[in-house]
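Colleague: Below: sequence and its predicted model.
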Amino acid sequence: MNVLPKNVKPVSYTLGIAPDLESLRFIGTVDIELEIVDTSDVIVVNALDLDVLAAPSILVRRRDGSEASFHATEYDIDEIKETLRMEWPAALRAGETAVLSIEFSGKITNDLRGFYSSSYINPDGKSAIMASTHFEPTAARRAFPCFDEPAIKAKFDISMRVRKDLVAISNMDVLREDVHDDGFKDVVFRTTVLQSTYIIAWALGDFEYIEDILRRDDGSELVVRVYATRGKQHYLGLALEMAIKALAFYENYFEIRCPLPKVDLAAIPSFPIGAMENFGLVTFRESAILFDPASSSAKTRERIASIVSHELSHFWFGNIVSLKWWTDVWLKEGAATYFSWLPVDESYPGANVWTSFIQGDYLSGKTADAMRTSHPIEVPVNLPSEIAEAFDSLSYSKGASLLRQIAAMLTPRTFIKGIQIYLKRHAFSNASTEDLWIALSEASGIDVKRIMDTWTKQSGYPLVEVVSESFNRSRGELTLNIRQNRFFSLGGSDPRDPSMWSIPLEIITDITDAPINAYLHAREGSVTFKYNPNAPNRFYKLNHKTTGFYTFRITRAILSRYIAILKNDPEFFCVEDRIGMLQDVFVLARSGLEGTSNYFDLALALKEDSTFAVLSYINTCLGSIRSVFYKEVGVVQDGLKKLVRLIFSAKVTSYDYPEGEDESAAYKRTTCIESAASAGDQSVVAELLARYNQWRSGKKSALNPNLIGIALSIAVEYSMPPADEFNNVLALYLNPSTVAGVRVSCLTALAATRDETLLRHLLTWALGARLDTGEEYCRSQDGGILLSAIAAHHPEFRETLFYWFTANFQALFDRYSSARSVLAAVLESCVQGNVGEKYINEFKEWLEEWGRDEKGRRQLDVVKSVRSSALERMQANTGWYDKDKTVVEGWIRGHM
């Protein structure tokens, strides 16, 4: 691993930062209290893109009580290793202590990492600047010299010299402010708790805030504030409410108090990801925290609640207990993803959020893990670029899904007992995946490590299929002979692959009151249970409630039993099982193991389902089929739209949302309206356009917040001439008073235009085109959102996107590479939606050509895993299209 030498250990930092928002520069000083572990005359710390202003100095405290002070004889920053190496004229001896002092300066960049700036339009209509930090995983070294590894914890005393009209915030509360006659002030913060460098943070700007207090039963209090730039204070209420609820929930659930005197949440105009769990100063993209009851949807409320909860759960998983190394990034991100749903479920019981989890994180994790380019969630990482790539859907979504599987396997009560053991044992220290398994084993008496190593130390997940059935009439028992193989999205399965898992099968039947708990540990096994082969509703189903991270091979024979039951009672199976059926049948069709007609038949059997989650997932899958078979214009595309209208149009009975109805009812209504409109239901389109026109004319009650997004898209799509509503929505998008979430809806709506000239104009936005004011049309953080929307709205434009991407890759890399996740989204949006050997071969050729020299190879390595998965998805979709295009057309001709 590319790690620092262990000859010294930091105990504390005294860090002073003086930023200048006009020159966009900063100067700083850092004094690092050290323990000398091994005798050496060299100290190496992390540093990058910093200027060391003078020779570093060190004050050494000898073991005999004497002191010595000297300056480094040699010092230099290695831009490749991202280190500052300092040589001293005398050896620092083991057992001594020392204070290392470094003066430095740097640039406040605009590349969304380290210490960077955000520009925005303030309520006065003027351009304004604020600055903040984003250090995860390895960017603290861009703001100050430090030991920038998660296992190297220390305490921090931070102070900032800023203009006296600005607000400065950091991890801890303000100890004092010293105002000077020169128009500046020194803001001194209290000492932090023991923590890693990547969760250090500060921000300064024209902030305002709202606050509340978490009052505990013993009378102690925790102050919680939510900050945003001036003019957005009225959008902060939901985040504050959810923060109080989540903190109270986690303190009770984990049985460990938040150890801080305050918790701040801050909305940042430009931010590379959704949010960041800095200890005591959690930072957010504005669309992930600002909520306007008058224009934000119910789904936006759930999303903000889950993001706030996710970040605050990191206080326990990631901050109080930190990683030993980035190999275990899943341990904090998977845990935070799983635990984020618990307080949301408690706060919004009508939302049935675990069905959202199955459609979201569970499906996302399986989609990524079905690739041959997948990796174990315990992934070896060394270089900073490799660390960044570990923050992917496998770490977040597969990790969360495996924790849900363990919780079901052990029972929730035993699971949380093990979690509490783990957190209390490793509090304010570092831990690994194995430490979690040890704690869960203690709580349960089960060898959790033996089971879970099969899930975390190897790539992929299993396909479980019934090889044969045998019925013992005298005993009334059915025996299933079961086999497991690794599942692949391209080709289905490969018997030559040696991977095997310990799989909790969780089988339900028509005559069992409780699931049959059985495991498959080997390649093949069997399970026996009571069964009546003559019962009219006879069935068995593996993976009850879709808690197991595997695909059950639902053959045509098994599916026929399910369909017969569902035609009489669409909600016979629990909602989690219905979604699981849809997922399994869909991925089996996509992989080539079963036919796409199976999915169509199951969707029709569920067309009378009244549950939002099921209807939503039906539409998602049908949208994916329309997307892959986009070349089949005419019969196929028209038939697919007709199928969507058949399922959803009759369910559109109202466009109003009664006050007090539960979330699932609102979600269902929105899903049905969006689905019918997107499939060209002209009565729904006409109603949305009429309501949109009233809404735009000032009658805001005409359009419920849940329908603003689809109405904006429909208005732009159907506008004649095209520029009219495009410009109206553009004006709303550019209005600084429009809440961030609605601005994102505007951006995706603009991509719905049918005018190619306007679409090509949007492509200039992705390259950084600016308004006359100098502001960018599209912040770099939103480039992937824009391009993804263009690809989704216009399959016929994907070829243009593909060639535009390859022709402009250097400019795109220059703009987006500092935020790898955004560059990855740009690549995926422009490349992986294309279907056909032509695009596969041309993408391979382009990768080979671009990577011929060292510079090109380094650039492609920034998105190494994403470029590989994009290629594999093109191959998988092309294989699906080639195999089933006649099947799809035949089914449509026979049923539509």
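Modeller: Received the coordinates, thanks. Numbering: from 1, shown residues only.
Colleague: contacts, neighbours, all on C-alpha from now
Modeller: Will do.
Colleague: need the contact list for the residue nearest to Phe135 when sequence neighbours are not counted.
Modeller: Residue nearest to Phe135 in three dimensions, not counting chain neighbours: Tyr198, with 5.0 Å by CA to CA, 6 or more residues apart in numbering. Neighbour list for Tyr198: 135-140, 148-150, 278 [criterion: CA atoms under 8 Å, 6 or more residues apart in numbering].
Colleague: ok, 6 Å please
Modeller: Residues near Tyr198 by CA atoms under 6 Å, 6 or more residues apart in numbering: 135-137, 140.
Colleague: swap in Arg285?
Modeller: 267-268, 271, 274.
Colleague: Repeat that for Phe271.
Modeller: Arg285.
Colleague: Please enumerate the helices of the stretch 601-750 of the chain.
Modeller: 612-628, 635-648, 663-678, 682-696, 708-718, 722-734, 740-750 (DSSP state H, counting those that start in this stretch).
Colleague: and those helices as TSV, adding mean neighbour count, mean pLDDT and distance to Ala388?
Modeller: Shown next, in TSV, are these (neighbours: other CA atoms under 10 Å; pLDDT from 0 to 100; distance: least, CA to CA, whole Å):
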stretch	mean neighbour count	mean pLDDT	distance to Ala388
helix 612-628	21	96	29
helix 635-648	20	97	39
helix 663-678	22	96	34
helix 682-696	18	97	42
helix 708-718	23	98	32
helix 722-734	18	96	31
helix 740-750	24	96	25
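Colleague: right, so of the ones you listed, which gets closest to Ser818?
Modeller: Counting by CA to CA, Ser818 lies closest to helix 740-750 out of the helices of the stretch 601-750 of the chain; the figure is 21.5 Å.
Colleague: Going by neighbour count, which residues in the lengthiest helix in the chain are buried?
Modeller: Using DSSP state H to define each element, the chain has its longest helix at helix 864-895. The neighbour-count check on helix 864-895 (16 or more other CA atoms under 10 Å) flags 864-867, 869-881, 883-885, 888-889, 891-892 as buried.
Colleague: got the CA positions of the lowest-mean-pLDDT helix or strand in the chain in PDB?
Modeller: Lowest on mean pLDDT, DSSP states H and E among the helices and strands of the chain sits helix 384-389, with a mean of 80. Provided in PDB are the C-alpha atoms of helix 384-389 (Å, rounded to 0.1, in the frame of the first residue of the first chain):
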ATOM      1  CA  PRO A 384      -5.500   7.700  -4.400                       C
ATOM      2  CA  SER A 385      -7.100   7.000  -7.800                       C
ATOM      3  CA  GLU A 386      -7.900   3.400  -6.700                       C
ATOM      4  CA  ILE A 387      -9.300   4.700  -3.400                       C
ATOM      5  CA  ALA A 388     -11.700   7.000  -5.200                       C
ATOM      6  CA  GLU A 389     -12.900   4.100  -7.400                       C
END
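Colleague: who's in contact with it?
Modeller: With CA under 6 Å, 6+ apart, helix 384-389 has contacts from Val381.
Colleague: what's the spacing between that helix and its chain's center?
Modeller: Centroid separation between helix 384-389 and its chain, computed with CA atoms, centre = their mean, to the nearest Å, is 16 Å.
Colleague: And for stretch 584-593?
Modeller: The answer for stretch 584-593 is 25 Å, by CA atoms, centre = their mean.
Colleague: picking up where we left off before, is it possible to get CSV of the helices of the stretch 601-750 of the chain that adds distance to Leu763?
Modeller: Putting those into CSV (distance: least, CA to CA, whole Å) gives the following:
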stretch, distance to Leu763
helix 612-628, 21
helix 635-648, 26
helix 663-678, 23
helix 682-696, 26
helix 708-718, 17
helix 722-734, 15
helix 740-750, 12
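Colleague: Among those helices, which comes closest to Ala228?
Modeller: helix 740-750 (11.8 Å).
Colleague: isn't there a strand covering Pro259?
Modeller: No - assessed with DSSP: H, G, I helix; E, B strand; the rest coil, Pro259 is coil; it does not lie in a strand.
Colleague: ok, it - contacts?
Modeller: Per CA under 6 Å, 6+ apart, neighbours of Pro259: none.
Colleague: Tell me how far it lies from Asn252.
Modeller: Distance of Pro259 to Asn252, computed by CA to CA, to the nearest Å: 14 Å.
Colleague: Give me the common contacts of these two.
Modeller: With CA under 6 Å, 6+ apart as the test, Pro259 and Asn252 reach no residue in common.
Colleague: Where do the strands of the stretch 1-150 of the chain begin and end?
Modeller: 8-20, 25-36, 40-46, 50-52, 57-61, 67-71, 74-78, 83-92, 97-107, 114-121, 127-134 (DSSP state E, counting those that start in this stretch).
Colleague: Kindly reformat those as CSV containing distance to Tyr348.
Modeller: Formatted as CSV, those follow (distance: least, CA to CA, whole Å):
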stretch, distance to Tyr348
strand 8-20, 42
strand 25-36, 44
strand 40-46, 44
strand 50-52, 47
strand 57-61, 55
strand 67-71, 60
strand 74-78, 51
strand 83-92, 47
strand 97-107, 44
strand 114-121, 33
strand 127-134, 31
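Colleague: among these, which is nearest Gln637?
Modeller: strand 114-121 (42.4 Å).
Colleague: now the closest one: mean pLDDT?
Modeller: Summarised as a single mean, pLDDT over strand 114-121 is 96.
Colleague: Stretch 468-480 now?
Modeller: In the prediction, stretch 468-480 has an average pLDDT of 95.
Colleague: Span of it from start to end?
Modeller: 6 Å.
Colleague: so the longest helix of the chain versus helix 612-628, what angle?
Modeller: Per axes from the mean of the first three to the mean of the last three CA atoms, to 10 degrees, the angle that helix 864-895 makes with helix 612-628 is 100 degrees.
Colleague: roughly how far out does helix 864-895 sit from the chain middle?
Modeller: 26 Å.
Colleague: now do stretch 251-271
Modeller: The mean C-alpha position of stretch 251-271 is separated from the chain mean by 19 Å, CA atoms, centre = their mean.
Colleague: Now it: buried residues?
Modeller: Neighbour-count burial for stretch 251-271 [16+ other CA under 10 Å]: 253-254, 258, 260, 262-271.
Colleague: Three-state assignment for Phe471, please.
Modeller: Phe471 ends up strand, using three-state DSSP.
Colleague: check contacts around it.
Modeller: 477-478.
Colleague: what bridges to it?
Modeller: Leu478 (DSSP bridges).
Colleague: Tell me the buried residues in stretch 232-249?
Modeller: 232-233, 235-240, 242-249.
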